[in-house]
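# I would like to see how this sequence folds:
(3 chains, ligands or ions: 8)
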Amino acid sequence: MNRREFIKLSGLMGAGGVLSPLLLGGCTAHPLPGSGQVVRTPTFCDMCFWKCAGFVHTENDRPWKITGNAHDLHSQGRLCTRGSGGLGSYEDPDRLRKPLLRVTGADGRQTFREAEWDEALGFIADRMKAIANDYGPDRMAMLNHGYGARHFKHLMRAYGSASFAEPAFAQCRGPRDVGFRLTFGEGLGSPERTDMEHSRCIVLIGSHIGENLHNGQVQTLAQALRNDVSLITVDPRFSVPAGKSKYWLPIRPGTDIALLLGWMYVLIDEQLYDRDYIERYATGFDELAAHVRRYAPEWVYLETGIEPDLIRATAREMASHAPATLVHPGRHTTWYGDDTQRSRAIAILNALLGSWGRKGGLYIKENVRLPRYPLPAYPQPRSDFRAANKGRYPFAYEGVTNAIIEASIGEDAHYRGWLVYGTNLPSTIPGIRPQLKAAMDSLDLVVVVDTMPSEITGYADVVLPECTYLERYDDLRNAGEREPALALRMPAFEPRHDSKPGWWIARQLGRRLGLERYFPWQDYSEVLDWQLKQVGSSLEEMQRIGVKPFPRTRPKYFAEGQPVRFRTPSGRIELHSQQLADAGFDPLPVYTRPEAPPAGFYRLNYGRMPAHTFGKTTNNPLLFQLAPENTLWVNPLVAREQGLANGEYVRLQNPDGIVSNRVRVRVTERIRPDSVFMAHGFGHRSRRLRLTYGIGADDSELMTNVRVDPLMGGTGMRANFVTLVKEAG
Amino acid sequence: MTHYAMVIDTRLCIGCGDCVIACKTENKVPEGLNRDWVVEATRGTYPDLSTEFRSERCNHCSHATCVYMCPTGASHHWKDTNIVLVDPNKCTGCKACIAACPYDARLVMHPGGYIDKCTFCHHRVEKGLDPACVSTCPTRCMYFGLLDDPSSEVSELLRRRDYKVLAPETGNRPNVYYLT
Amino acid sequence: MHEEILITARSNPPVDPVMHIWGWEISVYLFLGGLTAGIMFFSALMLLLNRDEEAPFSVNRLSLLAPVVLSLGMATLFLDLEHKLFVWRFYTTFEPTSPMSYGAWILVLVYPITLLQVLSTLRSGYPLLASLLTGTRPERVLLVCERWRRPIAWAAIPVAVALGIYTGILLSAFSARPFWNTGLLGPLFLVSGLSTGAALIALIARRHSEKRLFTLIDAGLILTELVIVALLLVNLSTGAQPQLDAAARLLGGDYTAWFWGAFVALGLLIPLLLEAAEIRATLRSLALLAPVLVLVGGYVLRVIAVDLGQETTWIDYGSEFNTELLERLH
Ligand SMILES: Nc1nc2c(c(=O)[nH]1)N[C@H]1C(S)=C(S)[C@@H](COP(=O)(O)OP(=O)(O)OC[C@H]3O[C@@H](n4cnc5c(=O)[nH]c(N)nc54)[C@H](O)[C@@H]3O)O[C@H]1N2
Ligand SMILES: Nc1nc2c(c(=O)[nH]1)N[C@H]1C(S)=C(S)[C@@H](COP(=O)(O)OP(=O)(O)OC[C@H]3O[C@@H](n4cnc5c(=O)[nH]c(N)nc54)[C@H](O)[C@@H]3O)O[C@H]1N2
Ligand code: SF4
Ligand code: SF4
Ligand code: SF4
Ligand code: SF4
Ligand code: SF4
Ligand SMILES: [Mo]
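Residues are numbered from 1 along each chain as shown, chains lettered A, B, ... in the order given. Ligands and ions are numbered 1, 2, ... in the order given. Down below sits the predicted model:
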């Protein structure tokens, strides 16, 4: 308030002399946001794996907000809900503060005690040396997720291990990328090479973009919608994109391969496919044509519940916009165990539409040629992640988390030690808790590097507190994109408590393991500066701009009639896959009918909610305020049948007797009567996550019926059924 | 009176709530309080369904009942615009304006005790920027601008597209428009 | 099915999950405000009508209660403010569109007038108290006031009516709250305020003639009130959806027991019957009961009006989330 006005008024009031100190006390100053000293620091987001670039703003040295970097294609200047809430993770009072060491008390109970870094790192180095001596360094595995894992992969390679696995493969995009590699010789990568901003027709098979908030996907889909794209969504649930679609196909769960084959039938039967493209680039068309003869829309209808007319209409719609028609490859694709084959079907459908390498379809990505910091060569590991597969999963080109866990159980287990970075295995690998416990019991060393006291930390021998992405340097982001660009992540704040950046932890461990020569820097910024200078930039420049675009050196799409050599054995798009035939698998996707829920059971459907990334943001105070729990979506018919009211709490029970934590019922038409739906990431059991502990249900623990994909080891999660148990009281 | 409007395309909005987080951080809204929120409206029976997502906030009503009801002048139209603000140093916390707002758009600041609400980010508008929620929305389904200017994006959208406002029967003449 | 829900966990106290911005403080204030209006009104009226003989309490002693009761009301009003240190802001402006601003300034008028009323009758009503002032300068003030007894009473009448109506207008001016937004709330509160005033007199006046007079007056007021209540219900039941919803809550919902039982039956009908019996002198022993019930009924009316009114709204969303979980933040 204006002082003159105040004096006048208090004078008027007579008692002003007495009252004014009081009143002044009430006169809070209300500076407008941003009117103080504002500082802006570049970063790229780590709230999920999309890595959008942005700026952290502080005002008068207090954290203020995070916004997108306009020069960044991942974010186009706008972060998503979780990215905008990133400061909540920095400020979370429940963060890990100090290294923790497991101790066994006199009563035999195991607990953690806080330790100094020196002691914790020394302990780990001693055990790692012992493992290297007794078994070989290749017997140490790393389970990881997230960008910061690179520092530890470097450490592990220097140490002599190449057994890495991330849930992003066998629990996520593995089947998709294997399916596309088998067909086109290349996967989709992250960000996916989907050219949605130019698509005229987009087909989403399960991908619930909009709830799945991968920023570039959301933004390009929104752009497409603004351009009046024909959106076709195949989803048993009325997902967010279903509500924006020209056609929503409410498919019977698990029958997508039938639909895909039915579409191919129509395209081939009605000669709607891209003949020139197929002749020029593909092989195996005749086998495909013969194969899909079995899958007429009338037959497909019986399996999928989608009317034959609708199947034909949507196939024609796709063809009419081809090649600017994208059949979206999806991302989390570990559904029913035949997922690589479903992804193959999606890949083949894209080939028939001629969308790979074409505008509005799947573009050719490019990144920056960024030299690596000069370091000695790594030792040749004696074995790598394939050791865990024991001859299974021939197409797994990355580590299979679940296989590594299995190969870590028992006296004669292959793996003796784990480094777990940024992945909360108990809720990430379906139904894994018993094996996880067994593995932990037989391993000589389990190190967990995390920022939060997630469930996985409870299994560790040593817990190392990493600082959040807002407090550290990481490697430059150099992802394949529409246009190449580099992005910088740098500390906006000093690490809180006694947490440390990953590069520091890795280097300290490296030194203690005698691997100094792999870590010749004092500060990781030296590495970044060196790399940046090789491409005509510098750390100083990047600290100002955050993102530096580079020109493309090759076209984004195939030119008209351009000869292309695909990275498949035949050099062509492999509609019929000889690789699969040779390995004893179906060379063309075959439909098998999914299991139906037993009487009284509902199919457990799950997915994303926009406010959270799995379970890693549910304790973030900002995002917790937005969505404190997951709800169980049930159809009104089910609610009536089970006598459930909106807002009441129930538990879920699976056929193996696993009972979930309680979860709040949301009665909605958006879910089928034979299924229930919930967002993944809730039902935390770690009491040290004080906000989110014990809230909502965890889908993972109910997934005891895991359908492993024989091609690549992916854990199909959608063949699980539950009954609803009413909460007493 | 300078006439600002927000136009939100419900056909693009995905209900992600980014606008809510953006507002909370930009405006330092205390824990547990919200100046904006997102509503989902679903109609029909499976599988004949439609959903609408709406990001809602103060409508900066042309006929602002909150302003009329405020006994102290704390609630006011800012600088001859339709942007409705509260001056904390005039506010008694009598809550008449809360009762007067048909959109439940107002809140009691804690620990302050004065009344707070969406400001249309006038501190940004003054600098020629969009409000924080508008400039953050990942689908770009929010627009902000002057209705007085017939060539502005918001005027154009309202000319070209079908739209609605919330509870027009209140007579408040709200200025957040929803494209349908 | 039509599902319309908040999918971000909004929980702005005291707006969510149901608006509850005003509690007992405001009900009490409105009740005491109405009662003050009744007190002022009848003390002035009896004085103007020269009923010194028939109703000596009303003429001479009653007015002292006005500033006392009003101050209690003002105290609860103050308790309700969320930004208390800024209470003086009511008096740095006059807002012509704000009933609350009128209210604030009406109170500025009410206070001196009640004081003048007291002063002008102090010597006849409270001679002992007045005798303390003999020979002092304030005694001269008393004398002046006494001389101006009638003009003061004349002034008190419109101010009392304004105060009584204002307590109702205050609520009915809220177009955002469908239950309040009816022209009938002003008259209803005015009549109810007068009725509680009359009941108060019937309760504490000693002289039988005065008790009888105010029982008669009160019965008339109760009858009027019943008519207004009936009109109000008709009005609601023919209104827009939110008003229908409000009517439903009164007629067969969570407010039914309070409304029919505590307000209409206990607060209006039973006292009316008792008063009728009293007037015909068939019943004496329960003479205290009727006015007590009227006072209670008057308060219940304020509680129902304040509570139900703020809950009625044009926009009503459920929430996907249990917002009680947000308490973990504290
Ligand atoms: N907000 C948010 N966004 C995220 C993430 C996050 O945690 N939070 N995680 C990111 C990651 S890592 C991934 S992998 C992606 C995952 O995102 P997506 O790849 O889009 O997710 P999915 O789990 O494959 O798809 C879920 C949808 O599949 C539908 N569905 C279920 N069963 C079937 C079926 O049998 N057939 C068909 N056609 N559909 C079915 C469900 O109803 C649901 O709508 O999301 C990313 N985006
Ligand atoms: N039941 C079920 N299981 C699923 C899925 C599902 O939908 N349902 N989705 C699958 C998919 S698609 C994926 S991609 C995976 C994801 O699986 P995960 O990547 O394991 O996901 P989160 O559970 O979020 O665990 C992330 C962990 O990283 C920690 N963390 C966060 N930031 C940092 C950091 O900066 N440094 C370090 N060191 N740690 C950090 C968090 O505290 C948390 O413990 O889950 C898969 N598993
Ligand atoms: S998509 Fe969202 S959470 Fe993921 S990196 Fe981008 S802004 Fe962060
Ligand atoms: S940020 Fe945009 S898309 Fe998301 S809820 Fe708000 S208005 Fe809708
Ligand atoms: S929406 Fe409510 S707070 Fe905003 S201007 Fe209108 S009446 Fe006032
Ligand atoms: S609470 Fe404050 S802003 Fe609202 S009406 Fe009262 S004085 Fe005005
Ligand atoms: S305009 Fe500003 S204050 Fe209003 S909701 Fe948007 S961000 Fe919040
Ligand atoms: Mo994933």
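
# which element is the closest residue to chain B within the stretch 551-700 of chain A on?
Residue nearest to chain B within the stretch 551-700 of chain A: residue A:610 (4.0 Å; CB to the nearest CB). C-beta coordinates here come from the backbone N, C-alpha and C atoms, glycine included. In the assignment (DSSP states H and E), residue A:610 maps to no helix and no strand.

# what's near enough to touch the closest residue to it other than its chain neighbours?
Leaving aside its chain neighbours, residue A:610 sits nearest to residue B:16 (4.0 Å; criterion: CB to CB, 6 or more residues apart in numbering or on different chains). Residue B:16 sits next to A:80-81, A:210, A:213, A:218, A:610-611, B:38, B:138-139 when contact means CB atoms under 8 Å, 6 or more residues apart in numbering or on different chains.

# quick check, the residue of the stretch 551-700 of chain A closest to chain B in contact with residue B:13.
No - counting by CB atoms under 8 Å, residue A:610 does not reach residue B:13; the two are 11.3 Å apart.

# now for the residue of the stretch 551-700 of chain A closest to chain B, how many residues are close by?
By the criterion of other CB atoms under 10 Å in any protein chain shown, residue A:610 has 28 neighbours.

# tell me the contacts of it?
A:80-82, A:210-211, A:213, B:14-18.

# any stretches of the stretch 51-200 of chain A with poor pLDDT?
For the stretch 51-200 of chain A, no stretch has pLDDT under 70.

# burial check on the residue lying closest to residue C:329 once chain neighbours are set aside, number of neighbours?
Residue nearest to residue C:329 in three dimensions, not counting chain neighbours: residue B:31, with 5.2 Å by CB to CB, 6+ apart. Neighbourhood size, residue B:31 [other CB under 10 Å]: 13.

# what's the answer for the one 3 residues further on, then?
A count of nearby residues for residue B:34, using other CB under 10 Å, gives 25.

# that's a strand at it, yeah?
No - remark: residue B:34 does not belong to a strand; assigned using DSSP: H, G, I helix; E, B strand; the rest coil, it is coil.

# how close does it sit to ligand 6?
18 Å (CB to the nearest ligand atom, to the nearest Å).

# for the spatially closest residue to that residue that is not a sequence neighbour, give me its contacts.
Counting by CB to CB, 6+ apart, residue B:34 lies nearest to residue C:10, which is 4.7 Å off, once chain neighbours are set aside. Residue C:10 makes contacts with B:34, B:37, C:16, C:319, C:323, as judged by CB under 8 Å, 6+ apart.

# with those in mind, which one is nearest to ligand 4?
residue B:37 (9.4 Å; CB to the nearest ligand atom).

# what's the closest one sitting at in phi/psi?
Main-chain dihedrals, residue B:37, degrees, to the nearest 10: phi -160, psi 170.

# ok, for it, nearest residue in space, not its chain neighbours?
In space, residue B:37 is closest to residue C:10, 4.1 Å off (CB to CB, 6+ apart).

# three-state assignment of the one you found?
coil.

# on that earlier part again, let me have the contacts of residue B:16 in a markdown table, extended by secondary structure and distance to residue B:112.
Formatted as a markdown table, these follow (DSSP: H, G, I helix; E, B strand; the rest coil; distance: CB to CB, whole Å):
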| residue | secondary structure | distance to residue B:112 |
| --- | --- | --- |
| A:80 | coil | 31 |
| A:81 | helix | 27 |
| A:210 | coil | 36 |
| A:213 | coil | 33 |
| A:218 | helix | 36 |
| A:610 | coil | 31 |
| A:611 | coil | 27 |
| B:38 | strand | 25 |
| B:138 | coil | 32 |
| B:139 | coil | 34 |
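
# out of those residues, which comes closest to ligand 5?
Of all the contacts of residue B:16, ligand 5 sits closest to residue B:38, with 16.3 Å by CB to the nearest ligand atom.

# check contacts around residue A:51.
A:44-45, A:74, A:147, A:477, A:479, A:487 are the contacts of residue A:51 under CB under 8 Å, 6+ apart.

# ugh, wrong one, residue A:588
So, once contact is read as CB under 8 Å, 6+ apart, residue A:588 ends up touching A:284, A:287-288, A:291, A:344, A:348, A:575-577.

# if we can go back for a sec, JSON lines for the contacts of residue B:16, including distance to ligand 6?
As requested, these are exported to JSON lines (distance: CB to the nearest ligand atom, whole Å):
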{"residue": "A:80", "distance to ligand 6": "34"}
{"residue": "A:81", "distance to ligand 6": "31"}
{"residue": "A:210", "distance to ligand 6": "37"}
{"residue": "A:213", "distance to ligand 6": "36"}
{"residue": "A:218", "distance to ligand 6": "38"}
{"residue": "A:610", "distance to ligand 6": "33"}
{"residue": "A:611", "distance to ligand 6": "31"}
{"residue": "B:38", "distance to ligand 6": "25"}
{"residue": "B:138", "distance to ligand 6": "33"}
{"residue": "B:139", "distance to ligand 6": "34"}
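
# rewinding a little: distance to ligand 3 for the contacts of residue A:610 - can I get that in JSON lines?
As requested, those are exported to JSON lines (distance: CB to the nearest ligand atom, whole Å):
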{"residue": "A:80", "distance to ligand 3": "3"}
{"residue": "A:81", "distance to ligand 3": "7"}
{"residue": "A:82", "distance to ligand 3": "4"}
{"residue": "A:210", "distance to ligand 3": "12"}
{"residue": "A:211", "distance to ligand 3": "13"}
{"residue": "A:213", "distance to ligand 3": "6"}
{"residue": "B:14", "distance to ligand 3": "13"}
{"residue": "B:15", "distance to ligand 3": "15"}
{"residue": "B:16", "distance to ligand 3": "10"}
{"residue": "B:17", "distance to ligand 3": "12"}
{"residue": "B:18", "distance to ligand 3": "9"}
